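Peer 1: need a 3D model of the following:
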Amino acid sequence: VTMAENAAQPPMPLFKKAYSTLFEGKDPSDGRTAFWDELFLVKVDKEYLCKAFESSTEEHLIEIKDVLNTLYVHAVEAVSDRNQIRSANGMQTLACILRCVFAKRKFDNFSFDVINVIMGYDSLNTRFASLVTALQHILRDGRPGGKLKDLALRLLIIITTATMNMSQNVLLEHLMQPCLFGELMRLVERKDERDQLGYNALLLLGLLMSYRRADHDATAACRSAHPSSQNPGADVGWSNPYVLELAKVSDDVTLHAIGSVMAAALSERNAVWLVQAEPKAQQGYFASFFSGLFDDSDSEDTALRIRPAVSAALLLPLYDIVQSNAAFITVLTHTRVLGAPRRSGDDPTTPPTHSPATAAGADTDTDDSNGGAGSANSSSGSGGATESTNLLSSLLTFSSFLLHDTKSEQAEAFSWLCLTILRCITEDQPTNEFLHDDKMKLPITLYHAAKRHRAAEIRSITSGPLATAVLDLCIEFLISHLRKKLQVDLYSLCLSVIHRLLCHQKKHRVRMPFEWKTLWAALVGAAAFVVSNEQSLVQTHNVFALCSQIVNIFNLFITFGDTFLPDPNSYDELYYELIRVHSTFESVYEMAKRCTRGKYAESAQDLASDLLNIRSITNHFNPRISSWAATHHVTTLSPEQVLAVVRDNYDTLTLKLQDNLERYIVYKDITNKTHAHGMLDRLLGEVVRAHQTGTKLVVHSIPTVTPR
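Peer 2: Here you go, the predicted model:
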């Protein structure tokens, strides 16, 4: 009976038996040379393997490190095997090992303890180099598509996101040489592989370019200040090879392929967010107002969660390429993409994912190592209208969603990256020409968050040049984030974008049709907010420099407005607005005078000087308006009457011609980017955390909106 009972019990599968023995600290091969070849032909039970690691303490892993090192060596050999099943199973095994060991937080030293457990610290150089070489061969394989390349990219992303601080990840030094840039670009260039692998290829590129960014920028600044021909010592330093290679790309096919992946990924994410933002039921202004007044919760009934996850991480390579590669500008403005259609019945909150071609006999890896972002250009299914757009217009829509909420540190970092990219774009002459080209008719969709006086809405801009959409985006930002803990750096970036656009319009006499009063009102509102919160802001921020940016934008209008405002009436309306809000500018002036001896004395003095023309205008016209009112026995003047007084008294107005209103520092020429590195590190930390936990980042919640 006992023998019968034992015979009836199924034997433990080879995979579980092998790893059960291994976690006991024993060699599961038992001296059989063919054992490892057989093991890597067996489907990887990722759940079982991960649970085995999770249930093991750090101390136990150190005790069995010898057998774990042996497992690593044979897994790398399997990755190099020409049998695709062994190669796929080897990569999946390594993915489980690396992700689970990286997740152990009690190891005192990543550089030693973690690496020692995985592959043996003394053998790091040879054993990790063997893995990189094997993955490089897979990515370089001329055969199109395939699961193996997808697994290789995912495994490299796991390695890249091993630590929260990427500069502490010593494994990345071994991914700098040999540089995988060429292999990644080939995946992006090939149309059949781009749709499936392009997103992860660019994501990996963005992560690798972020390694030791501060060191790279410091070296670049040193070489710029001291060319090696004059100072041989200037060549001392460290440069990121991926950043250097991206800057040198000039091939149109490669550049357009990069732009296509970015545009498709942003466009797909925009489509998901737009579906999320549509109202579940028609909700008018009063319903929105009272809902916001009495319900501060973020419930599913009043808000939908936005999850940009690693989609926003594609902004990392975009951030680098718009600074370093002038040839990419044409791609930014001209690469077209069709919005990915969505099958009816699909869950709109879940982006479509790609279905990698499966290697013969191997199962599909379902590990969400790319944060659930899916492919860059998913086009499966039928139905649903598609709309032509380009990378720049997709970026504007994407930015309108990200910029609507900047409260958390994570959201602030994403917003900073969006605004910095827009700043770099508006500092480029060809791009500015495209933005102001009235013949370029591209529909732009922008998200406007709910306010006390309005419901949230989706606004479509179908007329005018693209610059009107950029200004609309900036104005919305200026009026939407006035809070006691004012994010001065973000406001300064936003004002920089506006300033660059105006400088282009002045230089080229572009008379763009735009409701300029909305911009003036937003600028005045920001200045008034700073004055009303002076006590709390001046202690921690240089708000005087921020106010100078606002004042000098007005000075541009005052000094050169006749060259780019649509008509003389617009110039008259500018003076009317300045006179109407003269008390705000007087308050700004008094704030500056009070602080000429404080922490930001120099900036306060500059602000007081910048206000000269605005104060001259108000001091010139206000007495004449009062005199006219007294003469005509009018208590309150209408706007038309004020404008009449303004027009009659231009001749006697004296203004100072202010210099340098059009001058600005180009972002790529800034040598000290300490703040930028802090923001990028914060953003990278969130991206890394998303990969380590296998979850998507939650950056914002979007209220349901009323379409417009």
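Peer 1: what sits up against the strand or helix carrying Leu607?
Peer 2: Assigned by DSSP states H and E, Leu607 falls within helix 601-610. Contact with helix 601-610 is made by 542, 544-545, 547-548, 551-552, 555, 588-589, 591-593, 595-596, 598, 658, as judged by CB atoms under 8 Å, 6 or more residues apart in numbering. Every C-beta, even on glycine, is put in place using the N, C-alpha and C of the backbone.
Peer 1: low-confidence regions, the stretch 251-400 of the chain specifically.
Peer 2: Scanning the stretch 251-400 of the chain for pLDDT under 70 picks out 279-311, 335-388.
Peer 1: with the chain instead?
Peer 2: Ranges of the chain meeting pLDDT under 70: 1-12, 108, 143-145, 226-236, 279-311, 335-388, 691-708.
Peer 1: and the strands in it?
Peer 2: Shown for the chain, the strands assigned by DSSP state E span residues 303-306, 336-338, 388-390, 444-448, 457-461, 700-703, 706-707.
Peer 1: now the helix holding Leu607: buried residues?
Peer 2: Residues Ser603, Ala604, Gln605, Asp606, Leu607, Ala608, Asp610 are the ones in helix 601-610 that count as buried (16 or more other CB atoms under 10 Å).
Peer 1: tell me the one of these nearest Arg452?
Peer 2: Comparing the buried residues of helix 601-610 against Arg452 with CB to CB places Leu607 closest, at 30.5 Å.
Peer 1: contacting residues around the residue nearest to Tyr72 when sequence neighbours are not counted?
Peer 2: Nearest residue to Tyr72, sequence neighbours excluded (CB to CB, 6 or more residues apart in numbering): Met119, at 4.7 Å. Contacts for Met119 were tallied using CB under 8 Å, 6+ apart; they are Asn69, Tyr72, Val73, Arg127, Phe128.
Peer 1: for those residues, which single residue is the most surrounded?
Peer 2: When neighbours are counted by other CB atoms under 10 Å, Tyr72 leads the contacts of Met119 with 24 neighbours.
Peer 1: roughly how far does it sit from Leu172?
Peer 2: 18 Å (CB to CB, to the nearest Å).
Peer 1: reformat the buried residues of helix 601-610 as JSON lines; add distance to Val132.
Peer 2: As requested, the buried residues of helix 601-610 are exported to JSON lines (distance: CB to CB, whole Å):
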{"residue": "Ser603", "distance to Val132": "50"}
{"residue": "Ala604", "distance to Val132": "55"}
{"residue": "Gln605", "distance to Val132": "56"}
{"residue": "Asp606", "distance to Val132": "53"}
{"residue": "Leu607", "distance to Val132": "54"}
{"residue": "Ala608", "distance to Val132": "59"}
{"residue": "Asp610", "distance to Val132": "55"}
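Peer 1: what residues are up against the residue lying closest to Pro639 once chain neighbours are set aside?
Peer 2: Ranked by CB to CB, 6+ apart and with sequence neighbours excluded, the top spatial neighbour of Pro639 is Tyr576, at 6.4 Å. Taking CB under 8 Å, 6+ apart, we find Tyr576 in contact with Pro639, Val642, Leu643, Val646.
Peer 1: measure the closest residue in space to Ala214 that isn't next to it in sequence to Asn165 for me?
Peer 2: Excluding the flanking residues, the one nearest Ala214 by CB to CB, 6+ apart is His677, at 4.8 Å. His677 is 12 Å from Asn165, where distance means CB to CB.
Peer 1: quick one, which of those two is more surrounded?
Peer 2: Neighbour totals were compared for His677 and Asn165, and His677 leads with 16 against 11 (other CB under 10 Å).
Peer 1: who's in contact with the more buried one?
Peer 2: His677 touches Arg213, Ala214, Asp217, counting by CB under 8 Å, 6+ apart.
Peer 1: columns distance to Phe35 and neighbour count on top of those residues, output as JSON lines?
Peer 2: Shown next, in JSON lines, are the contacts of His677 (distance: CB to CB, whole Å; neighbours: other CB atoms under 10 Å):
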{"residue": "Arg213", "distance to Phe35": "45", "neighbour count": "21"}
{"residue": "Ala214", "distance to Phe35": "47", "neighbour count": "16"}
{"residue": "Asp217", "distance to Phe35": "50", "neighbour count": "20"}
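Peer 1: which of those lies closest to Arg452?
Peer 2: Arg213 (40.6 Å).
Peer 1: how close does that closest one get to Pro317?
Peer 2: As judged by CB to CB, Arg213 and Pro317 stand 13 Å apart.
Peer 1: ok, back up a step: do you know how far the residue nearest to Tyr72 is from Ala134?
Peer 2: Per CB to CB, Met119 is found 13 Å from Ala134.
Peer 1: who touches both of these two?
Peer 2: Counting by CB under 8 Å, 6+ apart, Met119 and Ala134 have no shared contacts at all.
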